[in-house]
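> the sequence and its predicted three-dimensional model are supplied below.
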Amino acid sequence: MRHLRVPSAETQHWLELCRTQNWLQKGAGVLSLEDGLKGIPLSETAPPESDKSWLGNTIILAAGITKGPEHWSEHLDQKLLQEIGEELPNSYEIQGDILIVKLEEQTREYGTAIAEAMLKQLPSIRLVCADNGVIGEFRVRDLEPLTSRNNDLSTITQIRENGVMISTDPAKVYFSARLSKEREDNLLVAQKLRKQLSRPLRICDPYAGVGPSLATLLREEGLVSECYAGDLNPDAFELLKGNIEHFISKSPTPPKQLKIKNIDARKWKDELDNEHKIDYLLVNLPHHSLEHLPKLLPLLSTDNSTVIRGWAIIDRDSLTLQEGNIASMIKLAGGNVESISCSEVKGFSSSKIFMRFESWQTFS
């Protein structure tokens, strides 16, 4: 490969010049030469050594340093890349060893070629799926497998979060890796409540999905004495059972009482015989959390302070009203609010946001 030999101090200048003139060899690195010189890798289109552009610097032949493609699109045929043009996908999501990409209508015919290019670039990926939108009662993704390694088209995968392996299936259940920090904070709040009560907690996660919020809670020594969890989605429920079994197997102090149910969250008060026993309640059904909340408040203990942490999708301009709205629900259920806060976690659309609410209260 031809390399332009330049003084080390001028390396950046010549790199920029070659890059703007399309004379830089893609995927190749700069060589370190003797006497403090550098070798800039040149493409076949770069002019010969006699060209005045080089200002007297010489060109040498040397084995190049190959860096490999820096972007998956470099694995595509150039003609195909030109055909796709501006519709080339510019983002994707990875869950475990599955890559999920949104394809515009104009690029669907190139889906397999795009997926194969992604597999070549990302060795940790096993399966590439097209995201065809949200479907069904449980708002799960309509995933279309495009290509895979070893013909393995299974959409079951494992995600490592906060040091814990969690089994999930993006084609059948909802899982958001972007809420990892929220789940970390769940643990911090639980630790604070345990310290205040001077005993392990009775927790309830009625919209548990595959159980990511329980992963750290159940593995924390001496944190949970009783756990009640479930999900209405039967596919999520099956994964939840296996995940909880895994979490508990890693715990030095597993809960003394454990109940996992495939039921509507609003029926948990019947499952617990209308006992007011829960210290820590998680409410994560964003499109319906605030609507369901009054039906969940009877779960909370009447013997001590309790905590609710929940998430909801709301109109952006209503955020300042939500503390009063939630406080009113708690008071109507016979509770006394000790503190309450509502905060935007992230945007959801131009008019809506994803909000977290946390309230501490007592019930008599």
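On my side now, so go ahead. Numbering: from 1, shown residues only.

> residue 135 and residue 266, how far apart?
Applying Cβ to Cβ, to the nearest Å, the value for residue 135 to residue 266 is 24 Å. C-betas here are computed from N, CA, C, even on glycine.

> the more surrounded of those two?
Legend: neighbour count by other Cβ atoms under 10 Å for residue 135 and residue 266, higher for residue 266 (17 against 11).

> quick one, grab the pLDDT at the residue lying closest to the more buried one once chain neighbours are set aside.
Excluding its sequence neighbours, the residue lying closest to residue 266 (Cβ to Cβ, 6 or more residues apart in numbering) is residue 295, at 4.0 Å. pLDDT for residue 295: 96.

> my read: residue 295 touches residue 269, true?
Yes: using Cβ atoms under 8 Å, residue 295 is in contact with residue 269, at 7.4 Å.

> give me the buried positions along stretch 117-127.
Residues of stretch 117-127 classed as buried by neighbour count (16 or more other Cβ atoms under 10 Å): 117-119, 121, 125-127.

> repeat that for stretch 220-232.
220, 223-232.

> for residue 16, state which of the buried residues of stretch 117-127 is nearest.
Proximity of those to residue 16 (Cβ to Cβ) peaks at residue 121, which lies at 25.9 Å.

> which residues sit in contact with the nearest residue to that closest one once chain neighbours are set aside?
Leaving aside its chain neighbours, residue 121 sits nearest to residue 72 (3.7 Å; criterion: Cβ to Cβ, 6+ apart). Residue 72 makes contacts with 117-118, 120-122, as judged by Cβ atoms under 8 Å, 6 or more residues apart in numbering.

> coming back round to it: let's see which of the buried residues of stretch 220-232 end up in helices.
Among these, none falls in helices (DSSP state H).

> which stretches in this protein count as helices?
With DSSP H as the criterion, the chain has helices at 11-20, 78-84, 111-121, 180-197, 212-219, 234-249, 268-271, 289-296, 319-332.

> go through those helices and name the closest to residue 159.
With Cβ to Cβ as the measure, helix 212-219 is the member of these nearest residue 159 (8.1 Å).

> quick one: mean pLDDT over the closest one.
For helix 212-219, the mean per-residue pLDDT is 96.

> same check on stretch 236-245?
Mean pLDDT, computed over stretch 236-245, is 97.

> also stretch 133-151?
Per-residue scores along stretch 133-151 average to 93.

> how about stretch 69-81?
For stretch 69-81, mean pLDDT rounds to 86.

> end-to-end on that stretch?
With Cα to Cα, to the nearest Å as the measure, stretch 69-81 spans 15 Å from end to end.

> for it, buried residues please.
Neighbour counts over stretch 69-81 (16+ other Cβ under 10 Å) mark 72-73, 75-76, 81 as buried.

> please state the offset of it from the chain centre?
Chain-centre distance of stretch 69-81: 26 Å, with Cα atoms, centre = their mean, to the nearest Å.

> also stretch 15-27?
Centre-to-centre, stretch 15-27 and its host chain are 36 Å apart (Cα atoms, centre = their mean).

> quick one: buried residues of it?
Residues of stretch 15-27 classed as buried: 15, 17-18, 23-25 (neighbour count, 16+ other Cβ under 10 Å).

> for stretch 103-115, same thing?
By neighbour count on 16+ other Cβ under 10 Å, the buried set for stretch 103-115 is 103, 107, 110-111, 113-115.

> any idea how far residue 288 is from the residue lying closest to residue 274 once chain neighbours are set aside?
Spatial nearest neighbour of residue 274, chain neighbours left out: residue 298 (6.7 Å); criterion: Cβ to Cβ, 6+ apart. Noted for residue 298: a distance of 17 Å to residue 288, by Cβ to Cβ.
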